[in-house]
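S.K.: please work out how this folds:
(2 chains)
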There are 2 protein chains.
Amino acid sequence: MLYMFDQIPELEKQWENMLQELQELIAIPSIAAQNKGSDKAINLLSQLFKQAGASVEVLTEHRGFPVLSVLFEAGPEGDSEKTLLFYNHYDVQPADPIEEWNSEPFRLTETEELLIGRGIGDNKGDIIARLTAVKLLKEELGYSPCRIKFLIEGEEEIGSPSLAACLEQYQEHFASDVCVWEFGNKDENERLNVVAGLKGMAYFELSVQTSESDIHSSQGVFIDNAAWRLTHALTTLRDSNGQVLIKGFYDDIIKATEQEIATAASLPFDGEEIKARLGLKQPFLSERRGTNPNYDKAYEPTVNLCGITSGYSGEGAKAVLPYKAAAKVDFRLVPGQDPDKISKLLRKHLDDNGFEDVVINQLNGQRAYRSNPSDPFVDMVLDTAAEVYENPPLLIPTHPGSGPMYEIGHLLKVPIISTGIGWIGSNYHAPNESIRKADMVEGIIHIKEIIKRFSGEVK
Amino acid sequence: MLYMFDQIPELEKQWENMLQELQELIAIPSIAAQNKGSDKAINLLSQLFKQAGASVEVLTEHRGFPVLSVLFEAGPEGDSEKTLLFYNHYDVQPADPIEEWNSEPFRLTETEELLIGRGIGDNKGDIIARLTAVKLLKEELGYSPCRIKFLIEGEEEIGSPSLAACLEQYQEHFASDVCVWEFGNKDENERLNVVAGLKGMAYFELSVQTSESDIHSSQGVFIDNAAWRLTHALTTLRDSNGQVLIKGFYDDIIKATEQEIATAASLPFDGEEIKARLGLKQPFLSERRGTNPNYDKAYEPTVNLCGITSGYSGEGAKAVLPYKAAAKVDFRLVPGQDPDKISKLLRKHLDDNGFEDVVINQLNGQRAYRSNPSDPFVDMVLDTAAEVYENPPLLIPTHPGSGPMYEIGHLLKVPIISTGIGWIGSNYHAPNESIRKADMVEGIIHIKEIIKRFSGEVK
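M.R.: Numbers count the residues shown, from 1 in each chain, chains lettered A, B, ... in the order given. Have a look, this model is predicted:
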């Protein structure tokens, strides 16, 4: 596999050591949702970054899972006025459904082309790629060309509930000029997607109880039931084309600029490929609405029904009036929308529609964030990507997923751009999560180039 | 407990023997839904009825669970021109949730006041009560005063799917002049409810699949999901006040007569008692509509959502687009409505509303049936009840529950009336199913009086 190292022969010597680090990190099931493995993960990472010459601090006073603060000081010939921050997380999704894995989820598995394991794509592979890039750069230059910081948190997969508190308490630890976000991947056309924004999120459980226990359904002609009430309440939230019907929901949106709209519109979108790959049986909601799916992915908020359960679902016919019903609902938000305000609007909407009895339990809330696509840092990351990668990169103004970008961008006042080592088959959050070794190599080169360019080492 | 036998001292001698029969019958878990126990139950019943002097035949050629056909010929001094048919069933509901039983479900448990066990109220207790009444009558008169038949089927709890085939094949076995239906119970005011009709039923599974597997919910802004589609489809079926919105649904209804409406309107209805007893949190649907709940229970059809399941329902937040969703829906029908036509109307309704992808699987279908409340047999059953019971009986023109009354009434052309030994706490289909011993005694006396009066033994 020597060809992999054509662009960066010095990586070949580091490769086995890097795989060893990755193997140890993947072996720790650091699953925030199950309150597992955070101490082991943070101890290993502390050790790895210290060995690379960084000073590290484990932050715990914000009372969430510990956050690792890493600092590589600029060398004597470097520029200590410039600070680049990497945002990453050491927590991973649960491995369920485990039976669908073809290998042990928490053991790094290597094939000719792939590295496989829970967290390899999201986000442990990126941590090690970035660490390796810094090591190689220090080896090449003899010093770090700028100040390099890492913020590695442990709650990303559960909505980063205590990150804002951590940032407020430890703001000086993370003060910086620019930020490279956690992830990036090549798309179905082998083009690197560089992401300049994330949608926000507000996740709710809705539940209703109509009686003390199930009632024989013969009484349904005059007694209402929880299943009917909740389905009726839910369908008042959006129409069947996906338009949200909650009064005030769209009010606070910061409109995308002409340039942002043009950027999204210029992205490729192969609807037939998506339908075939996912086995979709219905037209896109954007087709029903007559809207542009790339615009919608970047700039439209939505509400989604993640699950609903009520009453009898076993074999055959059981005729009951279900006494309780529950649903999981997530809102995807765009800049300007406040999850707490959405929560209040949702309550008012349900009350106004006669569903005062539907109980709301908010599980998380994150604001959306969008970097200025004209920021020179955005251009620089794209330019370096264009040099490193075979195919031209794509700027995704807003990824439809979520993450705590707002907290960092808002508090630290930095442009944020996301790039990484994933591919179209990375299976984030799913069984058989993987990266390709060749993408790891290119990703390391790209990070190294970003640091050099940012430091002024390369004009 | 000698007082129990004041009206019928000869029952006291039979009592222990009767409990023994009941104990053996309850001990057989004859659960049609689980394809269990039908042979044992029918063998025991054959033996018990033979011992009482009946000729019995086990009918199997209709290919469903076996049906027991019982005939007590009229004695030489009886009237062999008159035939009374009892409809009963030996199958019972599953005992789930078993953990909520305070005793073994399939062991007859006796307290000072109660007899407890699965099927004691629905419907094994009534079988034994009727058998005992016939025995006592034969003992008293020395012969059977008319021809007495029993049809005891084994599929009532799963919608009697093969009863119509059985009746067509064995019609002569069950030819009769009048029919006493399986059940009856005292209400919260200790008044016996005598039932002259049952609603029909059509039970459907509705399901939809929108993709090959779950999709990350970030795509929900342009990709639809199964949970949304099914909830939207369901809420087109009826409005939140319970009015059915399917075109043509109400077209074929045979309107209740003035007398029938008056009968229903005259029944007691203590809404506050019902709300308190069931812990209802919402107004009755009839209150929302401004309709009479007694009218609705007797003469209004409805559609009920018995259960719905889709996507994620575990702990915490998981953001997915569910790829499949399923619901259980039962329609309660009134005379004139045809379950097969309802199935076609449902298909057309879903198609017309853009839900061609919602798959319908019909699990059962039963037409409604209503005896003529002016039939002299109805009067006679009420008159005898008024004599036997302390409180005046109530005529319920249509019980809101369902059963195969239409098949028998339509094919055999007989008036049908239902009376039995239950009470308000019988917990049919639920844990701790029970009857009261005193109600068993009164029920036996009532059945004995009905047979005597029908035969002309008492004018």
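S.K.: roughly how far apart are A:Glu182 and chain B?
M.R.: Taking CB to the nearest CB, to the nearest Å as the measure, A:Glu182 falls 15 Å from chain B. Where you see a C-beta, it was placed from the backbone N, CA and C, and this is true even at glycine.
S.K.: give the contact list for that residue.
M.R.: A:87-89, A:122-123, A:126, A:156, A:403, A:418, A:420 (CB atoms under 8 Å, 6 or more residues apart in numbering or on different chains).
S.K.: check which residues of stretch A:360-376 are buried.
M.R.: Using 16 or more other CB atoms under 10 Å in any protein chain shown as the test for burial, stretch A:360-376 gives A:362-371, A:373, A:375.
S.K.: circling back: closest to chain B among the contacts of A:Glu182?
M.R.: A:Gly403 (10.5 Å; CB to the nearest CB).
S.K.: could you check the helix or strand A:Leu363 falls within against chain B for contacts?
M.R.: Using DSSP states H and E, the element containing A:Leu363 is strand A:359-366. Yes: Strand A:359-366 lies within reach of chain B by CB under 8 Å from any CB of the partner chain, at A:363-364.
S.K.: and that strand, average pLDDT?
M.R.: Averaging pLDDT along strand A:359-366 gives 95.
S.K.: same check on stretch A:108-124?
M.R.: On average, stretch A:108-124 scores 97.
S.K.: pull out the buried residues from that stretch.
M.R.: A:108-109, A:114-124.
S.K.: need the distance between the two termini of that stretch.
M.R.: Start-to-end span of stretch A:108-124 (CA to CA, to the nearest Å) is 11 Å.
S.K.: domain ranges for chain A, per the record?
M.R.: A:2-196+A:371-455, A:200-253+A:301-366 (automatic domain parsing).
S.K.: angles on the backbone of the residue nearest to A:Asp439 when sequence neighbours are not counted, please.
M.R.: Spatial nearest neighbour of A:Asp439, excluding adjacent residues (CB to CB, 6 or more residues apart in numbering or on different chains): A:Ile421 at 4.9 Å. When read as degrees, to the nearest 10, the backbone of A:Ile421 gives phi -110, psi 10.
S.K.: spit out the contact partners of A:Ile421.
M.R.: If a contact means CB under 8 Å, 6+ apart, then A:Ile421 has A:121, A:125-126, A:129, A:184-185, A:435, A:439-440, A:442-443 as its contacts.
S.K.: could you redo the last one with a cut-off of 6 Å?
M.R.: A:125-126, A:129, A:435, A:439-440, A:443 (CB atoms under 6 Å, 6 or more residues apart in numbering or on different chains).
S.K.: same question for A:Pro29.
M.R.: A:36-37, A:106 are the contacts of A:Pro29 under CB under 6 Å, 6+ apart.
S.K.: filter those residues down to just the ones in strands.
M.R.: Among the contacts of A:Pro29, no member is found in strands (DSSP state E).
S.K.: so which of these is surrounded by the most neighbours?
M.R.: In terms of neighbours by other CB atoms under 10 Å in any protein chain shown, the contacts of A:Pro29 top out with A:Gly37 at 20 neighbours.
S.K.: rewinding a little: nearest to chain B, of the buried residues of stretch A:108-124?
M.R.: A:Asp122 (11.4 Å).
S.K.: excluding its backbone neighbours, what's nearest A:Ile253?
M.R.: A:Gly336 (4.7 Å).
S.K.: doesn't that neighbour fall inside a helix?
M.R.: No: looking at A:Gly336 with DSSP: H, G, I helix; E, B strand; the rest coil, it is coil, so not inside a helix.
S.K.: hmm, back to that, neighbour-wise, give me the winner out of the contacts of A:Ile421.
M.R.: In these, the most neighbours by other CB under 10 Å go to A:Asp126, 30 neighbours.
S.K.: in three-state terms, label it for me.
M.R.: A:Asp126 is classified as helix under three-state DSSP.
S.K.: who in the stretch 351-459 of chain A is up against chain B?
M.R.: A:357, A:363-364, A:400-401 (CB under 6 Å from any CB of the partner chain).
S.K.: and whichever strand or helix holds A:Leu25, what does it pack onto?
M.R.: Using DSSP H and E, A:Leu25 maps to helix A:9-26. Judged by 3 or more CB pairs under 6 Å, 6 or more residues apart in numbering or on different chains; DSSP states H and E, the packing partners of helix A:9-26 are helix A:124-141.
S.K.: before we move on, back to that, farthest pair within the buried residues of stretch A:108-124?
M.R.: A:Thr109 and A:Asn123 (18.1 Å; CB to CB).
S.K.: quick one: buried residues of stretch A:401-415?
M.R.: Neighbour count says stretch A:401-415 has A:401-409, A:412, A:414-415 buried, by 16+ other CB under 10 Å.
S.K.: pLDDT and secondary structure for the residues you listed - can I get that in a markdown table?
M.R.: A markdown table is the format used below for these (pLDDT from 0 to 100; DSSP: H, G, I helix; E, B strand; the rest coil):
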| residue | pLDDT | secondary structure |
| --- | --- | --- |
| A:Gly401 | 83 | strand |
| A:Ser402 | 86 | strand |
| A:Gly403 | 90 | coil |
| A:Pro404 | 94 | coil |
| A:Met405 | 96 | helix |
| A:Tyr406 | 95 | helix |
| A:Glu407 | 92 | helix |
| A:Ile408 | 94 | helix |
| A:Gly409 | 94 | helix |
| A:Leu412 | 94 | helix |
| A:Val414 | 95 | coil |
| A:Pro415 | 95 | coil |
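S.K.: with respect to B:Gln23, which of these is nearest?
M.R.: So of these, ranked by how close each gets to B:Gln23 (CB to CB), first place is A:Ser402, at 62.6 Å.
S.K.: what sits against the closest one?
M.R.: A:198-199, A:201, A:366 are the contacts of A:Ser402 under CB under 6 Å, 6+ apart.
S.K.: let's go with 8 Å and repeat that
M.R.: Contacts of A:Ser402 by CB under 8 Å, 6+ apart are A:159, A:198-201, A:332, A:366, A:368, B:218.
S.K.: among those residues, name the ones in helices.
M.R.: Judged by DSSP state H, the subset of the contacts of A:Ser402 located in helices is empty.
S.K.: buried subset of those residues, written for ChimeraX?
M.R.: Only the buried entries of these go into this ChimeraX selection, using 16+ other CB under 10 Å:
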select /A:159,198,199,200,201,332,366,368 /B:218
